[in-house]
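Engineer: sequence unknown, structure follows:
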(Lines give C-alpha, C1' and ligand atoms only; values in the text may rest on other atoms or scores of the structure.)
Protein backbone atom coordinates (compact mmCIF):
# COMPACT_ATOMS: atom_id res chain seq x y z
CA UNK A 1 0.00 0.00 0.00
CA UNK A 2 2.83 2.40 0.76
CA UNK A 3 4.96 1.37 -2.23
CA UNK A 4 7.92 0.27 -0.14
CA UNK A 5 8.20 -3.32 -1.33
CA UNK A 6 11.76 -4.42 -1.89
CA UNK A 7 13.24 -1.62 0.25
CA UNK A 8 15.97 -2.72 2.64
CA UNK A 9 16.44 -2.12 6.34
CA UNK A 10 19.96 -1.00 7.29
CA UNK A 11 21.86 -1.17 10.56
CA UNK A 12 23.22 1.90 12.34
CA UNK A 13 24.85 2.32 15.76
CA UNK A 14 21.51 2.70 17.50
CA UNK A 15 19.80 -0.22 15.75
CA UNK A 16 17.79 -0.92 12.60
CA UNK A 17 17.01 2.12 10.47
CA UNK A 18 13.32 1.97 9.53
CA UNK A 19 12.19 2.41 5.92
CA UNK A 20 11.04 5.93 5.04
CA UNK A 21 7.84 6.16 3.03
CA UNK A 22 8.23 9.71 1.75
CA UNK A 23 11.02 12.07 0.76
CA UNK A 24 10.40 14.31 3.77
CA UNK A 25 10.92 11.26 6.01
CA UNK A 26 7.70 12.07 7.84
CA UNK A 27 6.55 8.44 7.90
CA UNK A 28 8.88 5.62 8.82
CA UNK A 29 7.98 1.98 8.75
CA UNK A 30 9.17 -1.37 10.02
CA UNK A 31 7.86 -4.75 8.92
CA UNK A 32 8.99 -8.35 8.92
CA UNK A 33 8.57 -8.16 5.14
CA UNK A 34 11.77 -6.09 4.91
CA UNK A 35 13.74 -8.84 6.62
CA UNK A 36 12.71 -11.69 4.32
CA UNK A 37 14.88 -12.69 1.38
CA UNK A 38 11.91 -13.36 -0.90
CA UNK A 39 8.76 -11.23 -0.63
CA UNK A 40 6.47 -14.27 -1.12
CA UNK A 41 8.08 -16.19 1.71
CA UNK A 42 5.72 -17.37 4.46
CA UNK A 43 6.74 -16.44 7.99
CA UNK A 44 6.18 -19.88 9.50
CA UNK A 45 7.21 -18.95 13.01
CA UNK A 46 5.91 -20.23 16.30
CA UNK A 47 4.85 -17.88 19.10
CA UNK A 48 8.16 -17.37 20.97
CA UNK A 49 10.08 -16.37 17.84
CA UNK A 50 7.36 -13.90 16.80
CA UNK A 51 7.22 -12.44 20.30
CA UNK A 52 10.98 -11.86 20.29
CA UNK A 53 10.79 -10.02 16.95
CA UNK A 54 7.90 -7.82 18.11
CA UNK A 55 9.96 -6.76 21.13
CA UNK A 56 12.89 -6.00 18.84
CA UNK A 57 10.68 -3.86 16.60
CA UNK A 58 10.00 -1.64 19.60
CA UNK A 59 13.41 -1.64 21.28
CA UNK A 60 15.97 -2.24 18.50
CA UNK A 61 14.67 0.10 15.78
CA UNK A 62 16.18 3.60 15.64
CA UNK A 63 12.74 5.24 15.54
CA UNK A 64 14.10 8.65 16.54
CA UNK A 65 11.61 11.28 17.74
CA UNK A 66 8.08 10.16 16.88
CA UNK A 67 4.75 11.93 17.21
CA UNK A 68 2.80 8.69 16.89
CA UNK A 69 3.68 5.03 16.71
CA UNK A 70 0.95 2.93 15.11
CA UNK A 71 1.08 -0.85 15.51
CA UNK A 72 -1.17 -2.57 12.99
CA UNK A 73 -2.12 -6.06 14.18
CA UNK A 74 -4.15 -8.85 12.60
CA UNK A 75 -7.48 -9.69 14.27
CA UNK A 76 -7.26 -12.00 17.25
CA UNK A 77 -6.21 -12.26 20.86
CA UNK A 78 -3.14 -14.42 20.67
CA UNK A 79 0.63 -14.38 21.09
CA UNK A 80 1.22 -11.40 18.80
CA UNK A 81 -1.32 -9.24 20.59
CA UNK A 82 0.04 -10.04 24.02
CA UNK A 83 3.59 -9.44 22.81
CA UNK A 84 2.62 -6.00 21.45
CA UNK A 85 0.85 -5.03 24.68
CA UNK A 86 3.82 -6.20 26.77
CA UNK A 87 6.37 -4.42 24.58
CA UNK A 88 4.42 -1.12 24.57
CA UNK A 89 3.48 -1.04 28.24
CA UNK A 90 6.64 0.86 29.40
CA UNK A 91 5.74 3.64 26.93
CA UNK A 92 2.17 4.15 28.27
CA UNK A 93 0.35 3.69 24.96
CA UNK A 94 -2.68 5.86 24.25
CA UNK A 95 -4.74 2.74 23.66
CA UNK A 96 -6.29 0.43 21.10
CA UNK A 97 -8.26 1.51 18.04
CA UNK A 98 -10.65 -1.34 17.34
CA UNK A 99 -11.98 -1.80 13.80
CA UNK A 100 -14.97 -3.98 12.91
CA UNK A 101 -17.24 -4.55 9.94
CA UNK A 102 -20.98 -4.10 10.59
CA UNK A 103 -22.29 -7.67 10.46
CA UNK A 104 -23.04 -9.70 13.60
CA UNK A 105 -20.35 -12.31 12.99
CA UNK A 106 -17.57 -9.70 12.93
CA UNK A 107 -19.01 -7.77 15.83
CA UNK A 108 -18.96 -10.99 17.87
CA UNK A 109 -15.24 -11.43 17.14
CA UNK A 110 -14.46 -7.83 17.93
CA UNK A 111 -16.38 -8.03 21.20
CA UNK A 112 -13.80 -10.63 22.23
CA UNK A 113 -11.09 -8.19 21.17
CA UNK A 114 -12.57 -5.62 23.59
CA UNK A 115 -12.63 -8.24 26.38
CA UNK A 116 -8.97 -8.87 25.61
CA UNK A 117 -8.13 -5.15 25.98
CA UNK A 118 -9.91 -5.08 29.33
CA UNK A 119 -8.11 -8.21 30.51
CA UNK A 120 -4.66 -6.88 29.67
CA UNK A 121 -5.41 -3.36 30.95
CA UNK A 122 -5.26 -1.64 27.56
CA UNK A 123 -7.52 1.38 27.18
CA UNK A 124 -9.80 1.42 24.12
CA UNK A 125 -9.58 4.71 22.20
CA UNK A 126 -12.69 3.76 20.30
CA UNK A 127 -14.44 1.57 17.75
CA UNK A 128 -14.50 2.24 13.98
CA UNK A 129 -16.99 0.57 11.64
CA UNK A 130 -15.37 -0.24 8.29
CA UNK A 131 -17.08 -1.38 5.05
CA UNK A 132 -20.16 0.44 6.27
CA UNK A 133 -22.50 0.75 3.31
CA UNK A 134 -21.70 1.22 -0.36
CA UNK A 135 -22.77 4.20 -2.44
CA UNK A 136 -23.18 2.98 -6.02
CA UNK A 137 -21.08 5.20 -8.31
CA UNK A 138 -23.62 4.60 -11.09
CA UNK A 139 -26.91 5.46 -9.39
CA UNK A 140 -25.79 7.00 -6.03
CA UNK A 141 -28.08 4.65 -4.07
CA UNK A 142 -26.63 3.28 -0.84
CA UNK A 143 -26.64 -0.46 -0.10
CA UNK A 144 -25.64 -1.89 3.25
CA UNK A 145 -23.60 -4.74 1.81
CA UNK A 146 -22.59 -6.05 5.23
CA UNK A 147 -25.54 -4.86 7.31
CA UNK A 148 -25.10 -1.60 9.20
CA UNK A 149 -24.74 -0.12 12.69
CA UNK A 150 -23.05 -3.12 14.32
CA UNK A 151 -19.97 -1.08 15.25
CA UNK A 152 -21.92 1.69 16.94
CA UNK A 153 -24.03 -0.78 18.89
CA UNK A 154 -20.91 -2.67 19.96
CA UNK A 155 -19.28 0.54 21.23
CA UNK A 156 -22.38 1.52 23.17
CA UNK A 157 -22.68 -1.95 24.65
CA UNK A 158 -19.02 -1.97 25.71
CA UNK A 159 -19.11 1.62 27.01
CA UNK A 160 -16.33 2.85 24.70
CA UNK A 161 -16.42 5.76 22.21
CA UNK A 162 -17.70 5.16 18.69
CA UNK A 163 -15.44 7.11 16.32
CA UNK A 164 -17.30 6.73 13.03
CA UNK A 165 -18.13 4.61 9.98
CA UNK A 166 -16.07 4.29 6.81
CA UNK A 167 -18.05 3.32 3.69
CA UNK A 168 -16.90 0.80 1.12
CA UNK A 169 -15.19 2.90 -1.51
CA UNK A 170 -13.76 1.61 -4.80
CA UNK A 171 -11.62 4.74 -5.20
CA UNK A 172 -9.82 3.92 -1.94
CA UNK A 173 -8.94 0.47 -3.28
CA UNK A 174 -7.93 2.01 -6.60
CA UNK A 175 -5.58 4.49 -4.97
CA UNK A 176 -3.99 1.66 -2.98
CA UNK A 177 -3.68 -0.57 -6.05
CA UNK A 178 -2.11 2.21 -8.11
CA UNK A 179 0.03 3.59 -5.28
CA UNK A 180 -1.60 7.00 -5.56
CA UNK A 181 -1.97 9.46 -2.71
CA UNK A 182 -5.60 9.02 -1.67
CA UNK A 183 -5.92 12.43 0.00
CA UNK A 184 -4.63 14.30 -3.05
CA UNK A 185 -6.05 11.96 -5.70
CA UNK A 186 -9.62 11.43 -4.49
CA UNK A 187 -10.67 14.38 -2.30
CA UNK A 188 -14.33 13.82 -3.23
CA UNK A 189 -14.40 10.15 -2.24
CA UNK A 190 -17.08 9.33 0.34
CA UNK A 191 -14.46 7.57 2.48
CA UNK A 192 -12.37 10.74 2.75
CA UNK A 193 -14.52 12.83 5.13
CA UNK A 194 -15.21 9.68 7.17
CA UNK A 195 -11.53 8.87 7.64
CA UNK A 196 -10.61 12.49 8.19
CA UNK A 197 -13.22 12.90 10.94
CA UNK A 198 -12.03 9.75 12.75
CA UNK A 199 -8.39 10.87 12.51
CA UNK A 200 -9.30 14.28 13.91
CA UNK A 201 -11.02 12.72 16.93
CA UNK A 202 -7.90 10.72 17.72
CA UNK A 203 -5.60 13.72 17.18
CA UNK A 204 -7.75 15.80 19.54
CA UNK A 205 -7.16 13.24 22.25
CA UNK A 206 -3.44 13.07 21.70
CA UNK A 207 -2.12 16.31 20.17
CA UNK A 208 1.46 16.18 18.89
CA UNK A 209 3.99 17.18 21.54
CA UNK A 210 1.71 16.46 24.48
CA UNK A 211 2.60 12.83 25.13
CA UNK B 1 -23.99 -17.95 11.38
CA UNK B 2 -25.32 -21.44 12.09
CA UNK B 3 -27.48 -20.37 15.04
CA UNK B 4 -25.75 -22.64 17.53
CA UNK B 5 -24.63 -20.03 20.05
CA UNK B 6 -25.11 -21.14 23.62
CA UNK B 7 -25.33 -24.84 22.73
CA UNK B 8 -23.32 -27.14 24.94
CA UNK B 9 -20.84 -29.87 24.15
CA UNK B 10 -21.40 -33.12 26.08
CA UNK B 11 -19.08 -35.98 26.92
CA UNK B 12 -19.73 -39.57 25.87
CA UNK B 13 -17.57 -42.70 26.13
CA UNK B 14 -15.79 -41.97 22.87
CA UNK B 15 -15.15 -38.28 23.56
CA UNK B 16 -16.84 -34.91 23.10
CA UNK B 17 -20.16 -35.03 21.26
CA UNK B 18 -20.13 -32.25 18.63
CA UNK B 19 -23.02 -29.81 18.31
CA UNK B 20 -25.55 -30.69 15.60
CA UNK B 21 -26.66 -27.82 13.41
CA UNK B 22 -29.82 -29.39 11.99
CA UNK B 23 -32.49 -31.84 13.10
CA UNK B 24 -31.29 -34.49 10.65
CA UNK B 25 -27.85 -34.28 12.27
CA UNK B 26 -26.28 -33.91 8.84
CA UNK B 27 -23.90 -31.16 9.97
CA UNK B 28 -21.97 -31.39 13.21
CA UNK B 29 -19.73 -28.70 14.56
CA UNK B 30 -17.01 -28.18 17.13
CA UNK B 31 -15.66 -24.81 18.27
CA UNK B 32 -13.77 -23.39 21.20
CA UNK B 33 -16.79 -21.11 21.64
CA UNK B 34 -18.78 -24.04 23.05
CA UNK B 35 -16.20 -24.57 25.78
CA UNK B 36 -16.16 -21.00 27.11
CA UNK B 37 -18.30 -20.02 30.06
CA UNK B 38 -19.14 -16.60 28.62
CA UNK B 39 -19.57 -16.15 24.85
CA UNK B 40 -17.76 -12.78 24.87
CA UNK B 41 -14.73 -14.21 26.59
CA UNK B 42 -11.43 -13.71 24.76
CA UNK B 43 -9.37 -16.84 24.22
CA UNK B 44 -6.08 -15.36 25.38
CA UNK B 45 -4.03 -18.49 24.88
CA UNK B 46 -0.45 -18.85 23.82
CA UNK B 47 0.60 -21.19 21.00
CA UNK B 48 1.16 -24.48 22.89
CA UNK B 49 -2.26 -24.40 24.55
CA UNK B 50 -3.99 -23.66 21.25
CA UNK B 51 -2.05 -26.43 19.51
CA UNK B 52 -3.12 -28.95 22.16
CA UNK B 53 -6.79 -28.02 21.74
CA UNK B 54 -6.60 -28.26 17.94
CA UNK B 55 -5.20 -31.79 18.29
CA UNK B 56 -8.03 -32.65 20.69
CA UNK B 57 -10.63 -31.34 18.23
CA UNK B 58 -9.42 -33.93 15.75
CA UNK B 59 -8.75 -36.87 18.06
CA UNK B 60 -11.08 -36.44 21.08
CA UNK B 61 -14.35 -35.50 19.34
CA UNK B 62 -16.77 -38.33 18.58
CA UNK B 63 -17.15 -37.25 14.94
CA UNK B 64 -18.60 -40.58 13.85
CA UNK B 65 -18.73 -41.36 10.13
CA UNK B 66 -18.09 -38.15 8.17
CA UNK B 67 -18.23 -37.43 4.45
CA UNK B 68 -16.22 -34.24 4.81
CA UNK B 69 -14.40 -32.51 7.64
CA UNK B 70 -13.93 -28.78 7.01
CA UNK B 71 -11.44 -26.89 9.18
CA UNK B 72 -12.00 -23.14 8.93
CA UNK B 73 -8.85 -21.24 9.90
CA UNK B 74 -8.09 -17.53 10.23
CA UNK B 75 -5.65 -16.06 7.70
CA UNK B 76 -1.99 -16.53 8.49
CA UNK B 77 0.81 -19.02 8.66
CA UNK B 78 1.34 -19.45 12.36
CA UNK B 79 0.93 -21.91 15.23
CA UNK B 80 -2.71 -22.69 14.52
CA UNK B 81 -2.09 -23.48 10.87
CA UNK B 82 0.85 -25.73 11.61
CA UNK B 83 -1.14 -27.47 14.36
CA UNK B 84 -4.03 -28.15 11.96
CA UNK B 85 -1.72 -29.51 9.27
CA UNK B 86 0.07 -31.74 11.81
CA UNK B 87 -3.18 -33.03 13.30
CA UNK B 88 -4.75 -33.80 9.91
CA UNK B 89 -1.71 -35.40 8.28
CA UNK B 90 -2.49 -38.99 9.43
CA UNK B 91 -5.89 -38.69 7.70
CA UNK B 92 -4.46 -37.67 4.27
CA UNK B 93 -6.47 -34.47 3.86
CA UNK B 94 -7.72 -33.57 0.40
CA UNK B 95 -5.98 -30.22 0.67
CA UNK B 96 -6.37 -26.52 1.34
CA UNK B 97 -9.03 -24.29 -0.14
CA UNK B 98 -7.47 -20.83 -0.25
CA UNK B 99 -9.76 -17.77 -0.25
CA UNK B 100 -8.62 -14.27 -1.18
CA UNK B 101 -10.21 -10.92 -1.97
CA UNK B 102 -9.25 -9.37 -5.31
CA UNK B 103 -7.03 -6.46 -4.30
CA UNK B 104 -3.23 -6.61 -4.47
CA UNK B 105 -2.70 -6.30 -0.71
CA UNK B 106 -4.79 -9.41 0.01
CA UNK B 107 -3.35 -11.34 -2.88
CA UNK B 108 0.13 -10.66 -1.47
CA UNK B 109 -0.90 -12.16 1.89
CA UNK B 110 -2.53 -15.16 0.26
CA UNK B 111 0.54 -15.77 -1.88
CA UNK B 112 2.40 -16.34 1.40
CA UNK B 113 -0.38 -18.77 2.41
CA UNK B 114 0.32 -20.77 -0.78
CA UNK B 115 4.05 -20.78 0.02
CA UNK B 116 3.12 -22.10 3.46
CA UNK B 117 1.10 -24.97 1.92
CA UNK B 118 4.03 -25.87 -0.28
CA UNK B 119 6.45 -25.76 2.64
CA UNK B 120 4.35 -28.08 4.81
CA UNK B 121 3.45 -30.41 1.93
CA UNK B 122 -0.25 -29.58 1.84
CA UNK B 123 -1.87 -29.83 -1.57
CA UNK B 124 -3.88 -26.78 -2.70
CA UNK B 125 -7.35 -27.73 -3.95
CA UNK B 126 -7.73 -24.29 -5.44
CA UNK B 127 -8.12 -20.55 -5.01
CA UNK B 128 -11.48 -18.77 -4.57
CA UNK B 129 -11.90 -15.01 -5.07
CA UNK B 130 -14.38 -13.60 -2.58
CA UNK B 131 -15.95 -10.09 -2.54
CA UNK B 132 -15.46 -10.05 -6.27
CA UNK B 133 -17.54 -7.18 -7.62
CA UNK B 134 -20.86 -5.84 -6.43
CA UNK B 135 -24.03 -5.76 -8.50
CA UNK B 136 -26.07 -2.77 -7.30
CA UNK B 137 -29.58 -4.00 -6.40
CA UNK B 138 -30.94 -0.58 -7.43
CA UNK B 139 -29.47 -0.13 -10.91
CA UNK B 140 -27.93 -3.58 -11.68
CA UNK B 141 -24.59 -1.99 -12.59
CA UNK B 142 -21.51 -3.89 -11.39
CA UNK B 143 -18.74 -2.13 -9.44
CA UNK B 144 -15.44 -3.79 -8.61
CA UNK B 145 -15.32 -2.50 -5.04
CA UNK B 146 -12.03 -4.25 -4.28
CA UNK B 147 -10.55 -4.41 -7.76
CA UNK B 148 -11.01 -7.67 -9.70
CA UNK B 149 -9.18 -10.70 -11.04
CA UNK B 150 -6.47 -10.86 -8.38
CA UNK B 151 -7.51 -14.36 -7.32
CA UNK B 152 -7.41 -15.80 -10.82
CA UNK B 153 -4.04 -14.25 -11.52
CA UNK B 154 -2.69 -15.56 -8.23
CA UNK B 155 -3.86 -19.10 -9.05
CA UNK B 156 -2.30 -18.97 -12.51
CA UNK B 157 0.96 -17.60 -11.11
CA UNK B 158 1.08 -20.33 -8.45
CA UNK B 159 0.06 -23.10 -10.85
CA UNK B 160 -3.00 -24.14 -8.82
CA UNK B 161 -6.66 -24.37 -9.97
CA UNK B 162 -8.85 -21.28 -9.85
CA UNK B 163 -12.28 -22.39 -8.63
CA UNK B 164 -14.31 -19.22 -9.13
CA UNK B 165 -15.33 -15.76 -7.90
CA UNK B 166 -18.05 -14.98 -5.35
CA UNK B 167 -19.58 -11.49 -5.66
CA UNK B 168 -20.37 -9.21 -2.73
CA UNK B 169 -23.98 -9.97 -1.94
CA UNK B 170 -26.09 -8.17 0.66
CA UNK B 171 -28.66 -11.01 0.67
CA UNK B 172 -25.94 -13.43 1.82
CA UNK B 173 -25.15 -11.17 4.77
CA UNK B 174 -28.86 -10.76 5.45
CA UNK B 175 -29.47 -14.49 5.54
CA UNK B 176 -26.55 -14.90 7.95
CA UNK B 177 -27.75 -12.03 10.16
CA UNK B 178 -31.27 -13.41 10.28
CA UNK B 179 -30.25 -17.05 10.54
CA UNK B 180 -32.16 -17.93 7.38
CA UNK B 181 -31.26 -20.77 5.05
CA UNK B 182 -29.50 -19.00 2.18
CA UNK B 183 -30.09 -21.75 -0.38
CA UNK B 184 -33.84 -21.85 0.27
CA UNK B 185 -34.31 -18.18 1.07
CA UNK B 186 -32.36 -16.49 -1.72
CA UNK B 187 -32.13 -18.82 -4.73
CA UNK B 188 -31.87 -15.84 -7.10
CA UNK B 189 -28.95 -14.22 -5.30
CA UNK B 190 -25.90 -13.65 -7.54
CA UNK B 191 -23.70 -15.36 -4.94
CA UNK B 192 -25.72 -18.59 -5.16
CA UNK B 193 -24.63 -19.90 -8.59
CA UNK B 194 -21.06 -18.82 -7.82
CA UNK B 195 -20.93 -20.76 -4.55
CA UNK B 196 -22.77 -23.71 -6.02
CA UNK B 197 -20.34 -24.01 -8.93
CA UNK B 198 -17.31 -23.88 -6.61
CA UNK B 199 -18.83 -26.51 -4.30
CA UNK B 200 -19.53 -28.77 -7.28
CA UNK B 201 -15.91 -28.57 -8.44
CA UNK B 202 -14.72 -29.67 -5.00
CA UNK B 203 -17.33 -32.44 -4.78
CA UNK B 204 -16.25 -33.76 -8.19
CA UNK B 205 -12.73 -34.14 -6.87
CA UNK B 206 -13.80 -35.88 -3.69
CA UNK B 207 -17.14 -37.66 -4.12
CA UNK B 208 -18.78 -38.95 -0.94
CA UNK B 209 -17.73 -42.48 -0.12
CA UNK B 210 -14.56 -42.40 -2.17
CA UNK B 211 -12.13 -41.12 0.43
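Structural biologist: Okay, I see it. Every value quoted in this text rests on a predicted model; they were computed, and no experiment measured them. Numbering: from 1, shown residues only, chains lettered A, B, ... in the order given.

Engineer: Which of the three states applies to the nearest residue to residue A:76 once chain neighbours are set aside?
Structural biologist: Excluding the flanking residues, the one nearest residue A:76 by C-beta to C-beta, 6 or more residues apart in numbering or on different chains is residue B:74, at 6.6 Å. Using the backbone N, CA and C atoms, a C-beta is placed for each residue, glycine as well. Secondary structure assignment for residue B:74 (DSSP: H, G, I helix; E, B strand; the rest coil): coil.

Engineer: so how far is residue B:5 from the residue nearest the centre of chain A?
Structural biologist: Central residue of chain A (C-alpha atoms, centre = their mean): residue A:72, 4.1 Å from the mean position. With distances taken as C-beta to C-beta, to the nearest Å, residue A:72 is found 30 Å from residue B:5.

Engineer: okay, now the domains of chain A?
Structural biologist: Listed by the TED database, the domain ranges of chain A are A:1-93, A:96-210.

Engineer: can I assume residue A:15 is in contact with residue A:58?
Structural biologist: No - Residue A:15 lies out of contact with residue A:58 (C-beta atoms under 8 Å); the separation is 10.5 Å.

Engineer: OK, contacts around the residue nearest to residue A:76?
Structural biologist: A:74-76, B:80 (C-beta atoms under 8 Å, 6 or more residues apart in numbering or on different chains).

Engineer: Now, of the residues you listed, which are buried?
Structural biologist: Buried by 16 or more other C-beta atoms under 10 Å in any protein chain shown: A:75-76, B:80, out of the contacts of residue B:74.

Engineer: Could you dump the residues you listed into TSV and include distance to residue A:23?
Structural biologist: Below are those laid out as TSV (distance: C-beta to C-beta, whole Å):
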residue	distance to residue A:23
A:75	33
A:76	35
B:80	41
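
Engineer: May I ask which helix or strand encompasses residue A:99?
Structural biologist: In this assignment (DSSP states H and E), residue A:99 forms part of strand A:96-100.

Engineer: Which strand residues bridge residue A:126?
Structural biologist: With DSSP bridges as the criterion, residue A:126 is bridged to residue A:97.

Engineer: What is the neighbour count of it?
Structural biologist: Around residue A:126 there are 20 other residues, counting by other C-beta atoms under 10 Å in any protein chain shown.

Engineer: how near is it to residue A:132?
Structural biologist: Using C-beta to C-beta, residue A:126 is found at 15 Å from residue A:132.

Engineer: go on, residue A:86?
Structural biologist: Taking C-beta to C-beta as the measure, residue A:86 and residue A:132 are separated by 32 Å.

Engineer: the more surrounded of those two?
Structural biologist: residue A:132 (26 against 14).

Engineer: Not counting its neighbours along the chain, what's nearest that one?
Structural biologist: Distances taken as C-beta to C-beta, 6+ apart place residue A:165 nearest to residue A:132, at 3.7 Å, with adjacent residues excluded.

Engineer: need the contact list for the one you found.
Structural biologist: Per C-beta under 8 Å, 6+ apart, neighbours of residue A:165: A:102, A:128-130, A:132-133, A:148, A:151-152, A:194.

Engineer: Please apply the same query to residue A:58.
Structural biologist: A:87-88, A:91.

Engineer: again, but for residue A:60
Structural biologist: Shown in contact with residue A:60 (C-beta under 8 Å, 6+ apart): A:15-16.

Engineer: any idea how far residue A:14 is from it?
Structural biologist: Plainly put, residue A:60 is 9 Å away from residue A:14 if you go by C-beta to C-beta.

Engineer: Which residue is the nearest non-sequential neighbour of the residue of chain A most remote from its centre?
Structural biologist: Using C-alpha atoms, centre = their mean, the residue of chain A lying farthest from its centre is residue A:139. It sits 31.6 Å away. Of all residues not flanking residue A:139 in the chain, residue B:139 sits nearest, at 3.7 Å (C-beta to C-beta, 6+ apart).

Engineer: do residue A:186 as well
Structural biologist: In space, residue A:186 is closest to residue A:171, 4.4 Å off (C-beta to C-beta, 6+ apart).

Engineer: per-residue pLDDT, that neighbour?
Structural biologist: In the prediction, the pLDDT value recorded for residue A:171 is 88.

Engineer: neighbours around residue A:9, how many?
Structural biologist: 16.

Engineer: oh, I was asking about residue A:122
Structural biologist: Neighbours around residue A:122, by other C-beta under 10 Å: 19.

Engineer: same deal with residue A:124?
Structural biologist: 18.

Engineer: tell me the contacts of it?
Structural biologist: A:95-96, A:98, A:114, A:117, A:158, A:160-161.

Engineer: and what of residue A:97?
Structural biologist: Here residue A:97 is in contact with A:125-126, A:128, A:163, A:202 (criterion: C-beta under 8 Å, 6+ apart).

Engineer: all strands for chain A, in order.
Structural biologist: Assigned by DSSP state E, the strands in chain A fall at A:10-12, A:15-17, A:19-20, A:28-29, A:96-100, A:124-129, A:134-135, A:142-143, A:162-165.

Engineer: Closest to chain B out of the contacts of residue A:165?
Structural biologist: Nearest to chain B out of those is residue A:102 (C-beta to the nearest C-beta; 8.6 Å).

Engineer: Now that closest one. Nearest residue, chain neighbours left out?
Structural biologist: The nearest residue in space to residue A:102 (C-beta to C-beta, 6+ apart) is residue A:150, at 4.1 Å.

Engineer: what number of residues lie near that neighbour?
Structural biologist: Neighbour tally, residue A:150, other C-beta under 10 Å: 24.

Engineer: just checking, it touches residue A:109?
Structural biologist: No - at 11.0 Å, residue A:150 does not count as touching residue A:109 under the criterion of C-beta under 8 Å.
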